[in-house]
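*Asks:* take a look and give me a structure for this.
(2 chains)
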Amino acid sequence: DQQVKQNSPSLSVQEGRISILNCDYTNSMFDYFLWYKKYPAEGPTFLISISSIKDKNEDGRFTVFLNKSAKHLSLHIVPSQPGDSAVYFCAASANTNAGKSTFGDGTTLTVKP
Amino acid sequence: NAGVTQTPKFQVLKTGQSMTLQCAQDMNHNSMYWYRQDPGMGLRLIYYSASEGTTDKGEVPNGYNVSRLNKREFSLRLESAAPSQTSVYFCASSEASTNLGEQYFGPGTRLTVT
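*Replies:* Purely as a prediction, here's the structure:
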């Protein structure tokens, strides 16, 4: 059973508009959530995170929202830029898991000029 | 700082051959991880090491062994490669052995088993 799900394999948006990437989780023990960005032929790089004690975390153009009751988080990118085109992975971890993260399958974002 | 380095970048093996994937980090991180990524899928944890001298199984450990040689290095060994192990392998490290804190990834090793 997949504990972290990204139900949209791909998303295409126009440059300057908002990109919204979604992630759902099933394990109520998860208390820390991260988003990673991955370009082809490179390793993932950390983008932004949120602890379960918060419902929003913002870093420049990137904002992550957490809805614990719905077990849902989303990443908003405003405004979207062509350089944001990449695969975005949602990851979740629990304090009992010694640093291990569970990853979703990723969403490929394409930002069109 | 080089961050996390992995060797080799590419490898082709025949079924039954063995090989070791090398990983090193220069960030003085305690925890290190090995993942595999298959097409269209996320990263699945193979093994991890919460600190020097300790290793533990992840989600998909069968067919693999690991060694935490010292704080810097964490190697992944395939004793008898199988076509099902064709994948991209990523090594990662993180500062904390708790769940707080991001992981830093290497560039990956693309392995093909024929």
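*Asks:* in chain A, which residue sits nearest chain B?
*Replies:* Taking CB to the nearest CB, chain B has its nearest neighbour within chain A at A:Gly43, 3.2 Å off. C-beta here means a position set from N, CA and C on the backbone, and glycine is covered the same way.
*Asks:* tell me the secondary structure at that residue.
*Replies:* Using DSSP: H, G, I helix; E, B strand; the rest coil, the secondary structure recorded for A:Gly43 is coil.
*Asks:* how many residues are close by it?
*Replies:* Residues lying near A:Gly43 (other CB atoms under 10 Å in any protein chain shown) number 23.
*Asks:* list the contacts of it.
*Replies:* Shown in contact with A:Gly43 (CB atoms under 8 Å, 6 or more residues apart in numbering or on different chains): B:4, B:90, B:92, B:105-108.
*Asks:* at 10 Å what do you get?
*Replies:* Contact partners of A:Gly43, counting by CB atoms under 10 Å, 6 or more residues apart in numbering or on different chains, are A:36, B:3-4, B:6, B:35, B:37, B:43, B:88, B:90-92, B:103-108.
*Asks:* what of A:Pro9?
*Replies:* By CB under 10 Å, 6+ apart, the residues touching A:Pro9 are A:87, A:105-108, B:40.
*Asks:* that older thread, mind listing the residues bridging to the closest residue to the residue of chain A closest to chain B other than its chain neighbours?
*Replies:* Computed as CB to CB, 6 or more residues apart in numbering or on different chains, the closest residue to A:Gly43 that is not its neighbour in sequence is B:Phe105, at 3.2 Å. The partner list for B:Phe105 in beta bridges (DSSP bridges) reads B:Ala92.
*Asks:* touching, B:Phe105 and A:Tyr36? I think so.
*Replies:* Yes. Using CB atoms under 10 Å, B:Phe105 is in contact with A:Tyr36, at 7.9 Å.
*Asks:* do stretch A:14-32 and chain B come into contact?
*Replies:* Yes. Against chain B, stretch A:14-32 shows contacts by CB under 10 Å from any CB of the partner chain at A:29-32.
*Asks:* the residue of chain B found nearest chain A: neighbour count?
*Replies:* Shortest chain B-to-chain A distance, computed as CB to the nearest CB: residue-wise this is B:Phe105, at 3.2 Å. B:Phe105 has 23 neighbours, counted by other CB under 10 Å.
*Asks:* and it, what is it in contact with?
*Replies:* For B:Phe105, the contact set (CB under 10 Å, 6+ apart) comprises A:36, A:38, A:42-46, B:3-4, B:6, B:33, B:35, B:43, B:90-93.
*Asks:* if I look at the spatially closest residue to B:Gly63 that is not a sequence neighbour, how far off is B:Met41?
*Replies:* Nearest non-adjacent residue to B:Gly63, counting by CB to CB, 6+ apart: B:Gln85, 6.1 Å away. For B:Gln85, the distance to B:Met41 equals 14 Å [CB to CB, to the nearest Å].
*Asks:* so where do the strands sit in chain B?
*Replies:* Assigned by DSSP state E, chain B shows strands spanning B:4-7, B:10-13, B:19-25, B:31-37, B:43-49, B:56-57, B:64-68, B:74-78, B:87-94, B:104-105, B:109-113.
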